[in-house]
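[1] sequence first, then the predicted structure:
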Amino acid sequence: MPHPGILIIGASQAGAQVAASLREGGSTAPVTLVGAEPRLPYQRPPLSKAFLTGRATEESLLLRSADYYRDHDIDVVTGERVTDIALDADGTGTATTRSGRSFGFGGLALTTGGTPRRLTVPGAGLDGVLHLRDIDDALRLRGALDAARNVVVVGGGFIGLEAAAVARALGKEVVVVEALDRLLARAVAPVTSDFYRAAHERRGARVLLDRGVVGFEGDGTRVTSVALSDGSDVPADLVLVGIGLVPHTELAERLGLRVEAGIVVDACGRTSDPRVVAAGDCTSLDTGDGRVVRIESVGNAVAQARVAAGTLAGSPAPLAAVPWFWSDQADLKLQIAGLGTGHDTVVVRGDASSESFSVLYFREGGIIAVDAVNAPRDYMVVKRVLETGGSLPLDRVGDTGTALKDLMLRSA
């Protein structure tokens, strides 16, 4: 009887990378990649940037061509959402889609991604209240932007701010509404948050902090304004809600896997059932020191997928990659390496008013992360230091008269 092969549920960036890494690692097992969207796996980050402006096409977003999957004997099944799954005692199992198709497997990877978090307030279903996660969402938003005049972005995170920058570049009146007291609060230090607020305001956007959305008002069918928690109303004929991602964990829960804000995995991509791996935005990482963290980024998805593929192939190797992320907002490129969580000291290198500077995070004297705004050299140096286990002198990194690279060499 033939081995049922490996099933990857979720045709995401992580899912496509698991499949590719299996082949790159020499696996000859049958590989099936099942995705709910009617498209081959594609890049999502450009959806709020280059694709939204029309500078990228659907074809250019593809991670790999149809020929690649055919040539590497990877069966990609599109337009099928897996809704049920059963795992037998011997590690084999069967997954069933909404349409009734069944897929047997001997190895299972969950790369199911997530869906945009919704607001449950009056008027949330009005036309013109949009979200952004997939190509169809981006096409709707792009079309709506053409006709819009007043754009409200709910949520001061990366996707919201990227879309706000695009809308401003198109000449729209833009208001960003954030419920917390600063932008990007979960990702960066206050100095970086303050910079981005000022930068967006310099470019003509209004930024309203400490205000929640209590409802959307409309003309019966389409949104006309956004009601805020302070009693004010903001005119809007287009609203983008970007308040985070809800991971798809339903299948993991059905299998009884550990879920804490995502499918919990270890450094080898193993879930609480070591026969099942997971990778990408659907996961949370058990760091082994009592913390469980979620990292939503392309770099993390790719790195997790590679180690998950190794685990499936019987050669588990712990994740060693440094988390990294980037965000393009107008002419501002933010590059982040490392995780600033738990820092005790922040050093600003350069002048934020010049719109080229970096923020270095330290814990107990050791560098743990960097936010680099239009400062790619600083980003690359810190990323390299984190990758090699090197160090940077806390008392000297703020001196822009000395290149970080030189400090790294002297302190290695």
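    Nice, thanks for sending it over.
[2] now Thr287. Nearest residue, chain neighbours left out?
    Val293 (6.2 Å; Cβ to Cβ, 6 or more residues apart in numbering). Yep, even glycine has a C-beta here, placed from its N, CA and C like the rest.
[3] what residues sit buried inside stretch 128-144?
    128-135, 137-138, 141, 144 (16 or more other Cβ atoms under 10 Å).
[4] among these, which are located in helices?
    Secondary structure from DSSP state H places 135, 137-138, 141, 144 of these in helices.
[5] closest to Asp219 out of those residues?
    Ala144 (15.6 Å; Cβ to Cβ).
[6] so the closest one makes contact with His131?
    No: in this structure, Ala144 is not within contact of His131 by Cβ atoms under 8 Å, at 11.9 Å.
[7] any regions of the stretch 301-412 of the chain where pLDDT drops low?
    409-412 (pLDDT under 70).
[8] tell me where it has strands.
    324-329, 332-338, 345-351, 356-363, 366-373 (DSSP state E, counting those that start in this stretch).
[9] on that earlier part again, any chance of CSV for the buried residues of stretch 128-144, columns distance to Gly244 and pLDDT?
    Formatted as CSV, these follow (distance: Cβ to Cβ, whole Å; pLDDT from 0 to 100):
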residue, distance to Gly244, pLDDT
Gly128, 21, 97
Val129, 16, 98
Leu130, 15, 98
His131, 11, 97
Leu132, 12, 96
Arg133, 11, 94
Asp134, 16, 96
Ile135, 20, 97
Asp137, 15, 96
Ala138, 18, 96
Leu141, 17, 96
Ala144, 21, 96
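[10] can you put those residues in a markdown table and add distance to Gly389?
    A markdown table is the format used below for those (distance: Cβ to Cβ, whole Å):
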| residue | distance to Gly389 |
| --- | --- |
| Gly128 | 50 |
| Val129 | 47 |
| Leu130 | 44 |
| His131 | 40 |
| Leu132 | 38 |
| Arg133 | 36 |
| Asp134 | 38 |
| Ile135 | 40 |
| Asp137 | 41 |
| Ala138 | 40 |
| Leu141 | 43 |
| Ala144 | 48 |
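[11] what is the nearest of those to Leu332?
    Closest to Leu332, out of all of the buried residues of stretch 128-144 and judged by Cβ to Cβ, is Leu132, at 19.3 Å.
[12] dump the residue contacts of that closest one.
    47-48, 116, 138, 141, 159, 163, 240, 242 (Cβ atoms under 8 Å, 6 or more residues apart in numbering).
[13] which one of those sits closest to Thr345?
    Of the contacts of Leu132, the one sitting nearest to Thr345 (Cβ to Cβ) turns out to be Ile159, at 29.6 Å.
[14] how many neighbours does the closest one have?
    25 (other Cβ atoms under 10 Å).
[15] skipping adjacent residues, who's closest to it in space?
    Counting by Cβ to Cβ, 6+ apart, the residue nearest Ile159 is Gly242, at 4.3 Å.
[16] need the contact list for the one you found.
    Contact analysis of Gly242 by Cβ under 8 Å, 6+ apart lists 116, 131-132, 153-155, 157, 159-160, 163.
[17] equivalent analysis for Gln17, please.
    Going by Cβ under 8 Å, 6+ apart, the list of residues near Gln17 reads 279, 301-302, 305-306, 309.
[18] among these, which one has the most neighbours?
    Ala279 (34 neighbours).
[19] who touches it in this structure?
    Ala279 sits next to 14-15, 17-18, 109-111, 265, 269, 301, 304-305, 307-308 when contact means Cβ under 8 Å, 6+ apart.
[20] how about Leu255, nearest residue that isn't a chain neighbour?
    Using Cβ to Cβ, 6+ apart, the closest residue to Leu255 is Leu87 (5.7 Å).
[21] now Asp210
    Nearest one to Asp210, counting by Cβ to Cβ, 6+ apart, is Asp181 at 5.3 Å.
[22] same question, Thr53
    The nearest residue in space to Thr53 (Cβ to Cβ, 6+ apart) is Val166, at 5.7 Å.
[23] you'd agree the one you found is in a strand?
    No: counting by DSSP: H, G, I helix; E, B strand; the rest coil, one finds Val166 to be helix, located in no strand.
[24] per-residue confidence at it?
    Confidence at Val166, expressed as pLDDT, is 96.
[25] who's in contact with it?
    Neighbours of Val166 in contact, by Cβ under 8 Å, 6+ apart: 48-49, 52-53, 145.
[26] tell me which element Ala95 falls in.
    Using DSSP states H and E, Ala95 sits within strand 93-97.
[27] what's that strand in contact with?
    7, 9, 34, 80-87, 102-105, 108, 251.
[28] and that strand, what's buried?
    In strand 93-97, counting by 16+ other Cβ under 10 Å, buried: 93, 95, 97.
[29] quick check: the nearest residue to Glu173 once chain neighbours are set aside vs Gly299, distance?
    If the residues on either side of it in the chain are set aside, Glu173 comes closest to Asn150, at 4.9 Å by Cβ to Cβ, 6+ apart. Per Cβ to Cβ, to the nearest Å, Asn150 is found 35 Å from Gly299.
[30] more neighbours: those two, which one.
    A side-by-side neighbour count of Asn150 and Gly299, using other Cβ under 10 Å, places Asn150 first with 19 against 16.
[31] identify the residues contacting the more buried one.
    172-173, 175, 234-238.
[32] ramachandran angles for it?
    Torsion angles at Asn150 (phi, psi; degrees, to the nearest 10) stand at phi -110, psi 110.
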